[in-house]
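> Structural data only, the sequence is not supplied:
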């Protein structure tokens, strides 16, 4: 089959898959509202302006460096979501280790601001379509990193033809089928259950066909090792620097939730907390309030605006809120992967109360690194206890920072990335499999 036709069919299939997933979660009305919200925030970078090129990128643009193309659904923004932060930190490490990194956004919307921000990470943001770029530059590539199911499903096959010497890497970001399966369990949606089964078949097939696949959670790693024992799968989890705490227990008040509503588990978590958990807490202390940080739909903002809830939207610098609030919450009822909101709070020494879903893959021990609770009453009790017990608060603050150093530091990620993708010498060759 013609390569362009193959790609167009794969693209159409992914658009349909995502639309069906949205319908299963949000219904027709919610899906149309989501499309409207996305159209408002999309931007284009088609203006004829000088495209910034950083000294860091110029230094790597030579035949001495191995060359990698990264394709993600949209331009990563480390302020917007934890997946973007992880990708930018990961690519910074690869740049530091000698890789020349180009990035294309499958959505096509890029700006000079995007390019300037990514240059700080040693990433060169390219403009234009993925297929034309691969045709022109594919034979110069040593690796192609495809982020997320929707991207890998479109470009894994073309990359084999157009970048024949490149290692093909599928970064799952989180296992979509696992997240969708859990969403189906919470919602009782038969349509979402069917969607998760379709995603499962696609993701497992992509992992089989890739030279290397990345997962973020040890739970996902174990699951895939059982399903696909012959595939090369590496754990590259979230990556965070330690910021530390700058204010004491007595100087803080309030709760914080970080996460955009474009990710369905986040919206469900906030709505559940505000509807069932916050009222319990406010009967004990009417002044207790919640800060909600992250991109939020106009409908979500309207529904959640009430006494005791402050909607901030996207915040460029979280340090002020992280050092002002007393407890970070992650009341997630479904999801997969690891939770950047939990990592981020712990990196600031801010103790967290989480559900078992939010704790998955995070190496957390209840009462040692965090408090874990799954019912509305138990979650409220855990938050209340942490707001009143300074000794426990300090213990969780200290142990949370230790958790980041041990499992989520740049050096942990560097070791895995350098093993899988050395900047020189022999790496996994296209078509090979780990034994």
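Sure thing, it's come through. These numbers were taken from a predicted model, which means no experiment stands behind them.
> So what's the residue count around residue 364?
Around residue 364 sit 24 other residues, with neighbours defined as other CB atoms under 10 Å. For the C-beta atoms, the positions are set from N, CA and C on the backbone; glycine is no exception.
> Show the backbone phi and psi for it.
Residue 364 adopts backbone torsions of phi -100, psi 140, taken as degrees, to the nearest 10.
> Would you agree it is in contact with residue 357?
No. The pair residue 364 and residue 357 does not pass the contact test of CB atoms under 8 Å, sitting 11.8 Å apart.
> if I look at residue 101, how far off is residue 119?
Separation of residue 101 from residue 119 (CB to CB, to the nearest Å) stands at 11 Å.
> Compare those two and say which is more crowded by neighbours.
residue 101 (25 against 18).
> which residues touch the host helix or strand of that one?
Secondary structure from DSSP states H and E places residue 101 in strand 99-105. Applying CB atoms under 8 Å, 6 or more residues apart in numbering, the contact partners of strand 99-105 are 57, 60-62, 65-76, 91, 94-95, 118, 122-126, 128-130, 133, 137, 143, 421, 423.
> let's see 7 Å
With contact meaning CB atoms under 7 Å, 6 or more residues apart in numbering, strand 99-105 is reached by 60-61, 65-72, 74-75, 91, 94-95, 118, 122-126, 130, 133, 423.
> same thing with stretch 227-243?
With contact meaning CB under 7 Å, 6+ apart, stretch 227-243 is reached by 82, 86, 89-90, 204, 207-208, 211-216, 218, 221, 224-225, 319, 338, 340, 343-344, 347-348, 401, 404-405, 407-408, 410, 413, 416-417, 420, 428, 433-434.
> and what of stretch 329-341?
For stretch 329-341, the surrounding residues in contact (CB under 7 Å, 6+ apart) are 82, 85, 173-175, 178-179, 182-183, 185-186, 216-217, 220, 237-238, 255, 257-259, 265, 268-269, 272-273, 277, 342, 352-355, 357-358, 361-362, 379, 383.
> From those residues, list the buried ones, please.
Buried residues within the contacts of stretch 329-341, counting neighbours by 16 or more other CB atoms under 10 Å: 82, 85, 173-175, 178-179, 182-183, 216-217, 220, 237-238, 255, 257-259, 265, 268-269, 272-273, 277, 342, 352-355, 357-358, 361-362, 379, 383.
> thinking again about what came up before, quick check: mean pLDDT across the strand holding residue 101?
The pLDDT scores in strand 99-105 average 95.
> Next secondary structure after it?
Next helix or strand after strand 99-105 toward the C-terminus (DSSP H and E): helix 112-119.
> In contact with residue 168, which residues are there?
Contacts of residue 168 (CB under 7 Å, 6+ apart): 144, 156, 159-160, 210-211, 430.
> mind running it again at 10 Å?
143-146, 152, 155-157, 159-160, 206, 209-213, 428, 430-431 (CB atoms under 10 Å, 6 or more residues apart in numbering).
> So which of the residues you listed sit within strands?
Counting by DSSP state E, the contacts of residue 168 place 143-146, 212-213 in strands.
> Ranking by neighbours, what's the top pick from those?
That'd be residue 144 among those, by other CB under 10 Å, with 29 neighbours.
> Buried by neighbour count: which residues of stretch 199-217 qualify?
Within stretch 199-217, the residues that count as buried by 16+ other CB under 10 Å are 199-200, 202-204, 206-207, 209-217.
> related to what we said a few turns ago, hey, what's in contact with both of residue 364 and residue 357?
Common contacts of residue 364 and residue 357 (CB under 10 Å, 6+ apart): residue 372.
> Spatially nearest residue to residue 406 (excluding sequence neighbours)?
residue 363 (7.4 Å; CB to CB, 6 or more residues apart in numbering).
> for residue 11, same thing?
Setting aside the residues directly before and after it, residue 11 is nearest to residue 154 in space (CB to CB, 6+ apart), at 5.2 Å.
> my guess is that neighbour meets residue 129, correct?
No. Using CB atoms under 10 Å, residue 154 makes no contact with residue 129, being 11.2 Å away.
> Could you pull out the residues contacting both of the two?
Listed as contacting both residue 154 and residue 129 by CB under 10 Å, 6+ apart are residue 106.
> Look at these two and report which has more neighbours.
residue 154 (25 against 12).
> wait, what's in contact with the more buried one?
By CB under 10 Å, 6+ apart, the contact set of residue 154 is 6-15, 71, 106, 130-131, 146.
> Select only the buried ones of those residues in ChimeraX?
Per 16+ other CB under 10 Å, the buried members of the contacts of residue 154 correspond to this ChimeraX selection:
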select :7,10,11,14,71,106,130,131,146
